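S.K.: what follows is a predicted protein model with its sequence.
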Amino acid sequence: MTEFQAINNILSNPSEGKKVRVRGWIHRIRKTGKLIFAVIRNESGIIQAILFRDNLPTEEFELAKSTLIESSVVVEGRLAKDERAPGGYEIRVEHFEVVGAAEKFPITKDQSDEFLLDNRHLWLRSRRMSAILKVRSTIFNEIRNYFQGLNYYEVQSPVFQSGACEGGSTLFEVPYFDSRDKVYLTQSWQLYAEAMMFGLERIYTIGPAFRAEKSRTRRHLTEFWMAEVEAAWLGNAEMMELAEGLVTHLVKSVIEKNPQELEFLERDISILKEIELPFPRYKYAEILDMLNAKGLELEWGADLGYTEEKMLTQELRTPIFITHFPRAKGFYHRVDPEDDKVVLCHDLLAPEGYGEIIGGGEREWRLEILMKRIREFDMEPEQYDWYLDLRRYGSVPHSGYGLGIDRTVAWIVGEEHIKNVIPFPRTMRRYTP
RNA sequence: GCCAGCGUAGCUCAGUUGGUUGAGCACCCGGCUGUUAACCGGGCGGUCAUCGGUUCGAAUCCGAUCGCUGGCGCCA
């Protein structure tokens, strides 16, 4: 018996009259009196199958007449060229078989955002979601390729974490047996990364992060995925090179490996192709001047919210770095030795209005100064007992960053809302299906 | 958390001044040998989100509650 064939292989190397055998799902089906058009969909593409009443057993034709969209089927037949068929070729069916009949499929041509989210378990099979998830798969794979190529080690940090870091109000607390200590889902691997770094020096991880922020925006999820990196001996400037290298690698890889998906998603690739190294670098102070020149009235210390980010990036066609933020940004950032108002850190903003996708910087590596910084933030050094130990036993300068993978996928595929680039999005009000 | 919007058939939406809720799609039946999210004819399908109030009478007016969506704020 003929092997099952991939639809894209059939269509990219067609030959008239060739015997083909395909399995997949009914994407569309149209029935006329004595013939049936069925578009078959599977992972590899779509192809039209045409069933002539006289070309296959009567019971199989009658079965096809009653088969609904999304039924899983096997079709066998001969390939025929026909300009009326999408793709230019169609299968003249000689054998039709239903593997799993579908009930009336709830998702039809009229769809609302809410309905698709309620039926996410079914919407995932759509061509749109499939295209996005293929790009997402490439991105996960290429993050690994990039770091492995630079001799970084992949490590894993715990999802259950004890003790609040900063911003404790956005942690998800979980019941943990009868522990009297608070246990939370991870927000970042930061503290653990610095511990693992001392043995491996160059490490990265890909993992979920959880934030109980009551955000209702197109760029926030309560559960999202981050790629994080930490390296001994490196400073902020070197870490920025590692960041722009990764982002450029991801964009080029997706353009090369997912051209069909980008085309289906109607992504304007010309913009992505313009991305070049190095990315422009601006200090926070320069950014304030740029925004104030556009009519804002921002003073030193002002947060760059989404409005400001969008103003900066919507006209851009390449990502930009913002560095040297005010020292209030985070206690573990190293204060700039040349200007103690700022810290050695960087954010990377994606162009076309997408905004921040990377946050990183150089860490304060000296015990006494780190403890002063912790007190500067009105926190107690005792809370960070084992973390401070890392500064007691051969501390070294080090840097790292975290890449928001979902935001990166959204930007590269040109999807406006982050929830549409993850299979099962979790937001403040949605945790099912 | 704040602001706004929405909730009527499985889906997308109409519903006039308060007077028996309609259409398209989906599905079922019939017709059609080239459909392109086909077309033609017929049919099935309703706790008008929930609770309460006003009224002779409420999908419609009022109040509360619930749910969802968007924006803002928040956001290593």
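M.R.: All right, it came through fine.

S.K.: so what's the residue nearest to A:Val342 when sequence neighbours are not counted up against?
M.R.: Closest residue to A:Val342 apart from its sequence neighbours, by Cβ to Cβ, 6 or more residues apart in numbering: A:His324 at 4.1 Å. Heads up, the C-betas are built off the backbone N, CA and C, glycines and all. Residues counted as contacts of A:His324 (Cβ atoms under 8 Å, 6 or more residues apart in numbering) are A:Lys283, A:Tyr284, A:Ala285, A:Asp336, A:Asp339, A:Val342, A:Val343, A:Leu344, A:Cys345.

S.K.: and the last one, bridged to which residues?
M.R.: On the basis of DSSP bridges, A:Cys345 is bridged to A:Gly361.

S.K.: how about the contacts made by it?
M.R.: Per Cβ under 8 Å, 6+ apart, neighbours of A:Cys345: A:Asn236, A:Thr323, A:His324, A:Phe325, A:Lys329, A:Gly330, A:His333, A:Gly359, A:Gly360, A:Gly361, A:Glu362.

S.K.: switch to 6 Å and redo it
M.R.: Residues in contact with A:Cys345 (Cβ atoms under 6 Å, 6 or more residues apart in numbering) are A:Phe325, A:His333, A:Gly361.

S.K.: all strands for the stretch 1-150 of chain A, in order.
M.R.: A:19-31, A:35-42, A:45-52, A:72-81, A:89-100 (DSSP state E, counting those that start in this stretch).

S.K.: got those as a markdown table, with mean pLDDT, distance to RNA strand B and mean neighbour count columns?
M.R.: Shown next, in a markdown table, are the strands of the stretch 1-150 of chain A (pLDDT from 0 to 100; distance: least, Cβ to the nearest atom of the strand, whole Å; neighbours: other Cβ atoms under 10 Å):
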| stretch | mean pLDDT | distance to RNA strand B | mean neighbour count |
| --- | --- | --- | --- |
| strand A:19-31 | 95 | 3 | 18 |
| strand A:35-42 | 95 | 3 | 20 |
| strand A:45-52 | 96 | 5 | 21 |
| strand A:72-81 | 96 | 7 | 19 |
| strand A:89-100 | 96 | 5 | 18 |
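
S.K.: so how many other residues sit close to A:Glu83?
M.R.: 6 (other Cβ atoms under 10 Å).

S.K.: phi and psi next, for it.
M.R.: phi -70, psi -20 (degrees, to the nearest 10).

S.K.: out of the contacts of A:His324, which is nearest to RNA strand B?
M.R.: A:Cys345 (8.5 Å; Cβ to the nearest atom of the strand).

S.K.: mind checking pLDDT for A:Lys283?
M.R.: Predicted confidence (pLDDT) for A:Lys283: 93.

S.K.: so what's it up against?
M.R.: Counted by Cβ under 6 Å, 6+ apart, A:Lys283 has contacts A:Thr323, A:His324.

S.K.: okay, and the beta partners of it?
M.R.: A:Thr323.

S.K.: same deal with A:Arg30?
M.R.: Assigned bridge partners for A:Arg30, using DSSP bridges, are A:Phe37.

S.K.: helix or strand: which one has A:Arg407?
M.R.: Per DSSP states H and E, A:Arg407 falls inside helix A:405-413.

S.K.: for that helix, list every residue counted as buried.
M.R.: A:Ile405, A:Asp406, A:Arg407, A:Thr408, A:Val409, A:Ala410, A:Trp411, A:Ile412, A:Val413 (16 or more other Cβ atoms under 10 Å).

S.K.: who's in contact with the fifth one?
M.R.: Under the criterion of Cβ under 6 Å, 6+ apart, the neighbours of A:Val409 are A:Arg136, A:Ile139, A:Val421.

S.K.: for it, which non-adjacent residue is spatially closest?
M.R.: A:Val421 (4.3 Å).

S.K.: what does the third one give?
M.R.: Leaving aside its sequence neighbours, A:Arg407 sits nearest to A:Ile357 (Cβ to Cβ, 6+ apart; 4.8 Å).

S.K.: and for that neighbour, the neighbour number?
M.R.: 24.

S.K.: point me to the helix or strand that includes it.
M.R.: Assigned by DSSP H and E, A:Ile357 falls in strand A:355-362.

S.K.: buried stuff in the helix or strand just after that strand?
M.R.: For strand A:355-362, the following helix or strand on the C-terminal side (DSSP H and E) is helix A:367-376. For helix A:367-376, burial by neighbour count (16+ other Cβ under 10 Å) applies to A:Leu370, A:Met371, A:Arg373, A:Ile374.

S.K.: helix A:367-376 close to RNA strand B?
M.R.: No: Helix A:367-376 stays out of contact with RNA strand B when judged by Cβ under 7 Å from any atom of the strand, the minimum separation being 11.6 Å.

S.K.: rewinding a little: of all the buried residues of helix A:405-413, which comes closest to RNA strand B?
M.R.: Once Cβ to the nearest atom of the strand is applied, the member of the buried residues of helix A:405-413 that ends up nearest RNA strand B is A:Arg407, at 10.4 Å.

S.K.: hang on, that closest one packs against A:Ile358?
M.R.: No: A:Arg407 is beyond contact range of A:Ile358, at 9.2 Å (criterion: Cβ atoms under 6 Å).

S.K.: can you tell me the element the spatially closest residue to A:Gly355 that is not a sequence neighbour falls in?
M.R.: Leaving aside its chain neighbours, A:Gly355 sits nearest to A:Glu309 (3.9 Å; criterion: Cβ to Cβ, 6+ apart). According to DSSP H and E, A:Glu309 maps onto helix A:306-313.

S.K.: so what touches that helix?
M.R.: Counting by Cβ under 6 Å, 6+ apart, A:Leu291, A:Leu349, A:Pro351, A:Gly353, A:Gly355 sit against helix A:306-313.

S.K.: same question for stretch A:156-165.
M.R.: A:Asp181, A:Val183, A:Tyr184, A:Leu185, A:Thr186, A:Trp189, A:Tyr192, A:Thr205.

S.K.: which of these count as buried?
M.R.: Going by neighbour count (16+ other Cβ under 10 Å), those have A:Val183, A:Tyr184, A:Leu185, A:Thr186, A:Trp189, A:Tyr192, A:Thr205 buried.

S.K.: please identify which of those is nearest to A:Leu63.
M.R.: Closest approach between the buried ones among the contacts of stretch A:156-165 and A:Leu63, by Cβ to Cβ: A:Leu185, at 49.4 Å.

S.K.: residues near the residue lying closest to the closest one once chain neighbours are set aside, how many?
M.R.: Distance criterion Cβ to Cβ, 6+ apart; nearest residue to A:Leu185, sequence neighbours excluded, is A:Phe210 at 3.9 Å. Burial of A:Phe210 is recorded as 21 neighbouring residues (other Cβ under 10 Å).
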